[in-house]
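Asker: Requesting a structural model of the entry that follows:
(chains A and B)
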Amino acid sequence: MSDYILETDGLTKTFGNLVANDGISLGVERGEIHGIIGPNGSGKSTFFNTVTGFYDADGGRVFFDGTEVTNMGPDEIARQGLGRTFQIASPFADLTVRENLLSVYTGGLGSGLRIPTEKRARAQEILEQLEIDHIAEHEASDISGGQQQLLELGRILMLDPACVMLDEPTAGVNPALQERILEHLRELNATEGRTFVIIEHDMSVISGLTDRVSVLNQGQIVMQGDFETVTSDERVREAYLGERTDHHAGLEDTLEKNTRQGPRASAGGEASAGTGTGGATTSGGVSAAAALSQAVPEASPAENRLVAENLVTGYGNHTVIEDVSVRSHDGVTCIFGPNGSGKSTLLKALVGAVPVWSGSIHYGETDITGSNAAENVDHGMVMLPQDGGIFGDMTVRENLLLGGYRVDDREVRRERLESVLEAFPALEDKLGATGNSLSGGQQMMLSFGRAMMTGSDLYLLDEPSSGLAPSLIDDVFDMAETLVEQGAQVILIEQNVREALRIANYVYILAQGTLQFEGPARELLDEDELVDLYLGLE
Amino acid sequence: MSFTLLTARGPLLQLLGSVVAPAAEPLFIRPSTLLQLLAFAVLLGGIYGLVALGLTMIFGVMDVINFAHGAMMVVGMYTVWWLTNELGLNPFLTIPVAVGVLFVLGVVVHLATIAPIIEAPQENQLIVTFGVLLILVSAIEIAFSADPQSLDVDLGSLGVGGVFLPEGQLYALVLAVFSVGVFWVFLQYTQTGRAIRAAADNREAAQYVGINVPRIDYLTFGLGAALAGLAGAVIPLFQQINPHLGDTYLINAFVIVVLGGLGSFPGALVGGMIIGFVHVFGQFFLPGSGYQIAIFLIFILVLLLKPEGLFGGGAGE
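Answerer: Residues are numbered from 1 along each chain as shown, chains lettered A, B, ... in the order given. Take a look at the predicted model:
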């Protein structure tokens, strides 16, 4: 038997119908640095929370250092020597850095009354070891995010843990400090023999730090091994890039779809039932396209309708997008990148929903750097938020009419409504139904239809296929292509990289808030290169 | 917060006292009494509906619980009372004035207190609106004293088929129900009304269809205050007023908002009617302030059995 310091056996955690951890059996060897990677929602943080007692497991067992710790309280587990840090560092904000360390419970009621000299000495030692002794008397709320991460690590070290689980310790930390955190981890591992389990989205951290890596996808361990083995494995690529489609069939499929007019409104089968023949749908699509292009306000002929230069933005004092320049191109412009790379933030900054810190955005000739999302609808760009963003308590008809909120002419609004209904016949039978009563595919149609009501000539799509059944994902991409056929430009964010590449004309790859690649989609044929770019290894 | 249930209760008994013998046989109601009770229940239901609609609208759109809502009602009451008694205007002409005053007050309150902290945690906004409540009620006390006041106008009674209804009460009823109807049509069928509902439904998505959400916030706060003002403005027509009268209405309005479903517009109106009926019939049949206990029992039952409220549906956060 190998010497596992931490071992789980069929660990399961569910939230309602969602199985976040599906029978995870994982062994962490004593003295190793073990990485856990996987796309968003794969269950990494849930695994941490269940192991460390923040959640009660619904099944399976956890062993630490030979003792079963399943369903012990988090404090008890911490005292056993299994520490953890949080993705968002949460030091006691009003205490100084030193007080944060001294606040750690080290046993006995007496420790609550008088702080023993040894404890003070230990705190001083950790402050020096982590090189945060110069800020020891600062309040924890005043130090930087990276320093807070170090403080959190230090606070856990006060317990002298044999193993520490780190949840994204370098997220949002500037590169210099990031390197220092990693140095400290290596040193603690090498000289003190502490075991670390680390969740990271930044693959360069994982590759340079870990001995072994486990890949989680949909709540299960997909594979384990050293970093190189893991990233070249097809199952892992599938987890990150979406399922592989047959390339030849895919190409023919794409060609066939491009010659077809109008979207295939086949969600749930209601569409064909509602409109009779498929032929009717097709001709409907054509006239819908014609009517909409008439309604579109003077499409600018420029190749790049949207031009964003050197964008910097983020939330609070946390920089998410660092000096990124993107343009919309004819057809579909895709922005890919792993989770946490800043894709959604970038899209929200482009549309004006997140203020830009520096840089500029132009739409045609107009400077829209300071415009908000509502004003940008007037400029001719519209966003489809993640999950569609429909108004669930309002009827389909009201949703569509609100798409024409900025259209003053009733007649234009009515015409557009008709063309949208021709493009999405499935919605016609549902006009009086509330948005919440629609199926996932129909909600996405409604979201597209509502956006088309604005008469925009640039559409920004934030992961339109997320949460949809695989059979509907093609339909979503068809809808995006329909927009292009009507003369619009589309900027698309997708997790499903392999599928999205089929309709992409131009590609940006974002990792850790900076651009890793830009170029025509055809230049991205080598998948190894794609994986490296995607994981931010270049 | 001081409860002034007795003050609210007194006038009803006064009104009924002339027609009904003191409840010696409380389970027997004469048809004329029943009609009067019904009329008063619909009136109170309409007033509750107006108050709760404003409250739920502000909550739905901005996620702000407006503690000052009852105080805004009181401002409406005193506007009508002051204009009628001091300037000698027809009380019915002063009602639209009160509505206008409250709309402006609502916009100003939003500008000064909520808009600057709209991104702050909800409890900050709650505390701020509580501050506005204290300021408004204290200002009225300073200006007009805490004594109960009534209109110097005798509106008389209207007799139909042997049933006598105080005219003030009747007009208030018609006004309240009519206003609810008009406002309902506004919310349901105009683009601006739809925009308010859209912002309440999905605040983030609303901006993506071109709705200027911060401006909708002002409009919503103004309209919410105007609805509270309207509800307050009809009250002097049939009962005495005092600066703390808003408290009872506010508390019952919270019950209604939860009963109807947090943020649900139809829920506020239907819930208002239900509580109106419980209030009036409970007051008639139950001793003392028993009706208020009945209202809270309903509140607890809703929380236990259907916490999302009558019209809450599966939606919401």
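Asker: Could you list which residues are in contact with residue A:395?
Answerer: Residues near residue A:395 by CB atoms under 8 Å, 6 or more residues apart in numbering or on different chains: A:431-435. (Glycine included, C-beta is placed from N, CA and C.)
Asker: Next up, phi/psi of it, please.
Answerer: Backbone torsions of residue A:395, given as degrees, to the nearest 10, read phi -70, psi 160.
Asker: And it, how close does it get to residue B:64?
Answerer: 27 Å (CB to CB, to the nearest Å).
Asker: ok, now residue B:184?
Answerer: Separation of residue B:184 from residue B:64 (CB to CB): 22 Å.
Asker: Residue A:453 now?
Answerer: Taking CB to CB, one finds residue A:453 at 30 Å from residue B:64.
Asker: Put the alpha carbons of the helix or strand harbouring residue A:23 into PDB.
Answerer: Applying DSSP states H and E as the criterion places residue A:23 in strand A:18-29. The C-alpha coordinates for strand A:18-29 follow below in PDB (Å, rounded to 0.1, in the frame of the first residue of the first chain):
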ATOM      1  CA  LEU A  18     -26.800  18.200  -9.300                       C
ATOM      2  CA  VAL A  19     -24.100  15.700  -8.500                       C
ATOM      3  CA  ALA A  20     -21.100  17.900  -7.800                       C
ATOM      4  CA  ASN A  21     -18.800  15.200  -6.700                       C
ATOM      5  CA  ASP A  22     -19.600  11.800  -8.200                       C
ATOM      6  CA  GLY A  23     -17.800   9.100  -6.300                       C
ATOM      7  CA  ILE A  24     -14.300  10.600  -6.100                       C
ATOM      8  CA  SER A  25     -11.600   8.200  -5.000                       C
ATOM      9  CA  LEU A  26      -8.300  10.000  -4.800                       C
ATOM     10  CA  GLY A  27      -5.100   9.400  -2.900                       C
ATOM     11  CA  VAL A  28      -2.600  12.100  -2.100                       C
ATOM     12  CA  GLU A  29       0.900  10.800  -1.200                       C
END
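Asker: Please work out which residues outside the next helix or strand after it touch it.
Answerer: Next helix or strand after strand A:18-29 toward the C-terminus (DSSP H and E): strand A:33-37. Strand A:33-37 is contacted by residues A:28, A:44, A:47, A:185-186, A:189, A:195-201, A:203, A:206, A:209-216, A:227, A:230 when judged by CB under 8 Å, 6+ apart.
Asker: Next, count neighbours for whichever residue of the stretch 1-150 of chain B sits closest to chain A.
Answerer: For the stretch 1-150 of chain B and chain A, the shortest gap (CB to the nearest CB) falls at residue B:60, measuring 9.5 Å. Neighbour count of residue B:60, defined by other CB atoms under 10 Å in any protein chain shown: 25.
Asker: buried stuff in the helix or strand hosting it?
Answerer: Using DSSP H and E, residue B:60 maps to helix B:31-62. Using 16 or more other CB atoms under 10 Å in any protein chain shown as the burial criterion, the residues of helix B:31-62 that qualify are B:32-33, B:35-37, B:39-62.
Asker: what does stretch A:367-382 give?
Answerer: A:368-369, A:371-374, A:376-377, A:379-382.
Asker: tell me which parts of chain A are close to chain B?
Answerer: Residues of chain A found near chain B (CB under 8 Å from any CB of the partner chain) are A:351, A:353, A:372-375, A:377-378, A:382-385, A:389-394, A:398, A:401-403, A:405-406, A:436, A:450-451, A:453-454.
Asker: From the residues you listed, list the buried ones, please.
Answerer: Burial by neighbour count, judged by 16+ other CB under 10 Å, picks out A:351, A:353, A:372-374, A:377, A:382-385, A:389-394, A:398, A:401-403, A:405-406, A:450-451, A:453-454 from the residues of chain A next to chain B.
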